[in-house]
Structures are given as structure tokens and as C-alpha cells.
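> Got a predicted model here, sequence first, then my questions.
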Amino acid sequence: MQKFTKLRSQVTPIARRDVDTDMIIPAQYLTSISREGYGQNLFRRLRDQEKEFPLNLERYKGSSVLVCDANFGCGSSREHAVWALLGAGFRALIGKSFADIFSANSAKNGLLLIQLPEAVVDSLLLQAANTGAEVEIDLEREEVLLPGGEHQKFSYDPFRKHCLLNGLDDLDYILSHREAVERFKAERRERLFFTPPAAVTSAGKEGV
């Protein structure tokens, strides 16, 4: 998973409430067995129906921050919605609120979700749509530098913050404690009143 520390980017506005996961990545494009290849079809149905949809506009090309309205990511639990956003180059989303399962999927895949007050998000959506807006996100300080120079604080789960700052997914986090796990196993073995059988590896050899 890619590390996240600071990010400065123009923002792409999606000024509509209750954007569900089927809008983010329509079901007919869920054909891959890997996490790759979904970015090209991000918001495909809306992009095909609306010529002026933000992702169709040249001025938002290269943006890595998406600003959205309330209840973004509702609907099904498909993780593909997060993969599509990441595949299209987005590293962070700023919004009024996010659906719970979508939030969990985002955290586990390295997509930073930032919830800010409604008035702040409304102002950012308006600026981005009219004149363009650039923000700087500092995850370590949990702060967003807004276009007018205001520093807006946000809160983020400490565990997920640690993982994102260090580029660790859940498995990476567990493996980062390999030495402590092995030490615990060795100490536990010494305290047992019987000798546990050795594990058999996939190669058929006995292991620890």
C-alpha cells in the first residue's frame, strides 16, 4: 500500500448526495479478478450520460483529491468502488459524510477519507466548480490547507493513520510484528506441559 504523508492537489467536485457504489463503478464493469483496471470506468454511467460531468472536463485532469457531498459510498459493500477511485488516481476524498462500509474499505486500501463541516465542504465544492480550488492535506498533523489559506483540522482513526503513514495494509501490519509473534510463540512453548507437534509446511517439511 502506498504511503500517505502530505498531498497537494487541485480538487474534483462531485456535488450530489447519496452517491452509491453502483454510480462509482457500475456492476457491468466488475469483470476483473484483480484490483486493477477499474479506474477507467470510474463513474462510467454518469460520464456517458452527462457531457459536463467533472471527470469529463479537462480542467480536472490529474486531480488526486475528490470533494463530495453527504453519504458518499452508500449502497452495496463492493470494494471495487475504492479500487476504481484509486485506479483513477484519487488518493483522498473530502466530504460531509461517508457510508460505513465504504469508509472501512477505503481505510484498508489506502484511500484517505476526510470529513469536514458542511459549510466548509459546500464552499469547496462551489470554488472547485467555478474557479477551481487547490488544497493541501497533511495526514500527520490531521489538517487541510484550504484555498483561502485557512487550516481546517480533521480527525482520523489512530490505527489507520499509522498504517497509512507507513504504507501498511492489514497483512503488512501483522507481518511488521513478526519478531514479537515469534518471541511469544517461543516463550509459550517453554511454558507448555507438553511438546506441540511441529507444523508441516506446504513443501512437506517440518517447520516451527
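Happy to help now that I have it. These numbers come from a predicted model, not from an experiment.
> any low-confidence regions in this structure?
The chain contains residues with pLDDT under 70 at 193-208.
> Regarding it, what is its longest strand?
strand 6-14 (DSSP state E).
> helices and strands around that one, which ones?
Applying 3 or more Cβ pairs under 8 Å, 6 or more residues apart in numbering; DSSP states H and E, one finds that strand 6-14 makes contact with strand 65-68, helix 118-130, strand 134-138. (Glycine included, C-beta is placed from N, CA and C.)
> Dump that strand to CSV, restricted to CA.
Output of strand 6-14 as CSV, limited to C-alpha atoms (Å, rounded to 0.1, in the frame of the first residue of the first chain):
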residue,chain,number,x,y,z
LYS,A,6,1.3,15.1,2.5
LEU,A,7,-0.6,15.8,-0.7
ARG,A,8,-1.2,18.9,-2.6
SER,A,9,-3.7,18.8,-5.5
GLN,A,10,-6.5,20.5,-7.4
VAL,A,11,-9.8,19.1,-6.3
THR,A,12,-12.5,17.5,-8.4
PRO,A,13,-16.1,18.3,-7.2
ILE,A,14,-19.0,15.8,-7.2
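> For that strand, what is the distance to the chain centroid?
Distance of strand 6-14 from the chain centroid (Cα atoms, centre = their mean, to the nearest Å) equals 14 Å.
> The closest residue to residue 166 other than its chain neighbours: neighbouring residues, count only.
Counting by Cβ to Cβ, 6 or more residues apart in numbering, residue 3 is the residue found nearest to residue 166 once chain neighbours are left out, at 6.4 Å. Residue 3 is flanked by 12 other residues according to other Cβ atoms under 10 Å.
> re the thing from before, tabulate the helices and strands packed on strand 6-14 (JSON lines), appending distance to residue 8 and mean neighbour count.
JSON lines is the format used below for those (distance: least, Cβ to Cβ, whole Å; neighbours: other Cβ atoms under 10 Å):
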{"stretch": "strand 65-68", "distance to residue 8": "9", "mean neighbour count": "26"}
{"stretch": "helix 118-130", "distance to residue 8": "15", "mean neighbour count": "17"}
{"stretch": "strand 134-138", "distance to residue 8": "4", "mean neighbour count": "18"}
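> Format the ones you listed as a markdown table; extra columns: distance to residue 184.
Rendered in a markdown table, the data for these read as follows (distance: least, Cβ to Cβ, whole Å):
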| stretch | distance to residue 184 |
| --- | --- |
| strand 65-68 | 41 |
| helix 118-130 | 45 |
| strand 134-138 | 36 |
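> Nearest to residue 52, out of these?
Checking the helices and strands packed on strand 6-14 against residue 52 by Cβ to Cβ gives helix 118-130 as the closest, at 10.1 Å.
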